[in-house]
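# Give me coordinates for this.
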Amino acid sequence: MASPLTGITELRVRYAETDQMGVVYHANYLAWCEVGRTEFIRERGLTYATLERQGTGLAVMDASLRFHAPARYDDLVRVTTTLAEVRSRAIRFDYLITHAERGTKFVAASTTLVGVDGEGRVTSLPPALRTLLERVA
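As a prediction, this is how the structure comes out:
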């Protein structure tokens, strides 16, 4: 774990994540953000699966990405995930996706997630999740 507010996850770009030119297809950066935030929460003792079993999902309500340079097939990528804000119904994470060895910045991103119940209605975040995140925020 990097710090209470930050988590680091590394992965290698797979061939299936690239286009014909060997450049990572833009939608894959959002999938890497998901990997970063699920690992961030897992490293602090809670899993998405546990939240879902308890009746709460986390739905992305907003996402933004700023592209700086292309990642390519077989690059070792580092996703630095930072907890930016915790509110009663929403959580915001910021991400910096870089080349793990060279430090080249690929993407800066942000996502805001809201708690949803089993019917997909917005609900308050579960107390266990809020307590866990507020403890590090």
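
# Flag the shaky bits of this protein, pLDDT-wise.
For the chain, the stretches with pLDDT under 70 are 1-2, 137.

# can you give me the helices in it?
For the chain, helices defined by DSSP state H occupy the ranges 27-43, 48-53, 127-136.

# can you pull out the strands in this protein?
6-12, 57-67, 76-86, 90-99, 105-116, 122-123 (DSSP state E).

# so can I have a markdown table of those showing distance to Leu46 and mean neighbour count?
All C-beta atoms are positioned from the backbone trio N, CA, C, and that covers glycine. Below are the strands of the chain laid out as a markdown table (distance: least, CB to CB, whole Å; neighbours: other CB atoms under 10 Å):
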| stretch | distance to Leu46 | mean neighbour count |
| --- | --- | --- |
| strand 6-12 | 13 | 17 |
| strand 57-67 | 11 | 14 |
| strand 76-86 | 13 | 20 |
| strand 90-99 | 12 | 21 |
| strand 105-116 | 13 | 20 |
| strand 122-123 | 17 | 14 |
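
# and Gly36, which of the ones you listed is closest to it?
strand 76-86 (3.6 Å; CB to CB).

# coming back round to it: could the strands of the chain be laid out in JSON lines, adding distance to Leu132?
Listed next are the strands of the chain as JSON lines, based on distance: least, CB to CB, whole Å:
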{"stretch": "strand 6-12", "distance to Leu132": "13"}
{"stretch": "strand 57-67", "distance to Leu132": "13"}
{"stretch": "strand 76-86", "distance to Leu132": "10"}
{"stretch": "strand 90-99", "distance to Leu132": "11"}
{"stretch": "strand 105-116", "distance to Leu132": "13"}
{"stretch": "strand 122-123", "distance to Leu132": "17"}
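
# closest one to Arg135 among those strands?
strand 76-86 (9.9 Å).

# Between helix 27-43 and that closest one, find me the angle.
Calculated by axes from the mean of the first three to the mean of the last three CA atoms, to 10 degrees, strand 76-86 forms an angle of 60 degrees with helix 27-43.

# Each with direction, which strands does strand 76-86 pair with?
Using DSSP bridges, strand 76-86 pairs in its sheet with strand 6-12 (antiparallel), strand 90-99 (antiparallel).
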